[in-house]
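In: Just a sequence and a predicted model for now, questions to come.
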Amino acid sequence: GQNIDQPTEMTATEGAIVQINCTYQTSGFNGLFWYQQHAGEAPTFLSYNVLDGLEEKGRFSSFLSRSKGYSYLLLKELQMKDSASYLCAVRGLNQAGTALIFGKGTTLSVSS
Amino acid sequence: DAGVIQSPRHEVTEMGQEVTLRCKPISGHNSLFWYRQTMMRGLELLIYFNNNVPIDDSGMPEDRFSAKMPNASFSTLKIQPSEPRDSAVYFCASSYSALQSSGANVLTFGAGSRLTVL
């Protein structure tokens, strides 16, 4: 089976840095994804890690440690529009190798 | 590209009625996924197709749920009969991938269908 854990809620202020952690236990591993979901909208892709290390994309970075079953999403220079739910997802090994299993998401509230 | 198109966006129905949700994936994508999202359970994978063939339907809650993909550009998720506990947002997503693929193969989600069963 697969289990993905992430904090339910986090709060931060504009301009700050926030780190959202994700731990996972899966029967196989073929990549870890982060998605952003604003209230009432669809999830949208943020980042992808398949090898250990840090992937940087503008204000957002994502880190992966496969041996620890651990990832984090780092958001810098927070803006009000970053208030959203952040979903950690793992792609396991299966016949087609493409399905993502999602954590329940971390709701981030950014205040001024 | 118009993205993944889902219909209806909102559906309110009474317990016992049949519900059909529709999805048009992005042209050229060969994998299609149905997810259900609730506050309690988060985003759950129901079923997915690769090249129109169902690959894994282990997430389908029970026999009341069925999904079809008659061609590469259309899929349906049907609930019959519907129950109040089926109330959720149902998302369809698509991607391009090959069997045993590597690489990102990013899933693109539709806007979702919000179902309320009274």
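Out: Cool, got the structure.
In: what's near enough to touch residue 32?
Out: Just so you know, I chose chain A. Listed by Cβ atoms under 8 Å, 6 or more residues apart in numbering or on different chains, the contact set of A:Leu32 reads A:22, A:24, A:48-50, A:62, A:64, A:71, A:88-91. Heads up, the C-betas are built off the backbone N, CA and C, glycines and all.
In: wait, I meant chain B there
Out: Contacts for B:Leu32 (Cβ under 8 Å, 6+ apart) come out as B:23, B:25, B:48-49, B:69, B:75, B:92-94.
In: among the contacts of A:Leu32, which are within reach of chain B?
Out: When contact is defined as Cβ under 8 Å from any Cβ of the partner chain, the contacts of A:Leu32 meet chain B at A:48, A:50, A:91.
In: most neighbours, which of the residues you listed?
Out: For those, the largest number of neighbours (other Cβ atoms under 10 Å in any protein chain shown) sits with A:Arg91, at 25 neighbours.
In: ok, now how distant is it from B:Gly28?
Out: Plainly put, A:Arg91 is 20 Å away from B:Gly28 if you go by Cβ to Cβ, to the nearest Å.
In: Compare the contacts of B:Leu32 and tell me which has the most neighbours.
Out: Neighbour counts for the contacts of B:Leu32, by other Cβ under 10 Å, peak at B:Cys92, which reaches 29 neighbours.
In: so that residue makes contact with B:Ser7?
Out: No. When contacts are counted by Cβ atoms under 8 Å, B:Cys92 is not listed as touching B:Ser7 (10.0 Å).
In: between these two, what contacts are shared?
Out: Counting by Cβ under 8 Å, 6+ apart, the shared contacts of B:Cys92 and B:Ser7 are B:Leu21.
In: Now for residue 16, how many residues are close by?
Out: The chain I'm using is chain A. Counted with other Cβ under 10 Å, the neighbours of A:Ala16 add up to 13.
In: that's the other chain; I wanted chain B
Out: B:Gly16: 10 neighbours (other Cβ under 10 Å).
In: That one - nearest residue in space that isn't next to it in sequence?
Out: Distances taken as Cβ to Cβ, 6 or more residues apart in numbering or on different chains put B:Pro81 closest to B:Gly16, at 4.5 Å, once the chain neighbours are dropped.
In: Likewise for A:Ala84?
Out: Nearest residue to A:Ala84 in three dimensions, chain neighbours excluded: A:His38, at 4.7 Å (Cβ to Cβ, 6+ apart).
In: dump the residue contacts of the residue in chain A that chain B sits nearest to.
Out: Among the residues of chain A, A:Lys104 lies nearest to chain B; the distance is 3.5 Å by Cβ to the nearest Cβ. Residues in contact with A:Lys104 (Cβ under 8 Å, 6+ apart) are A:4, A:6, A:8, B:41-43.
In: Much appreciated, bye for now.
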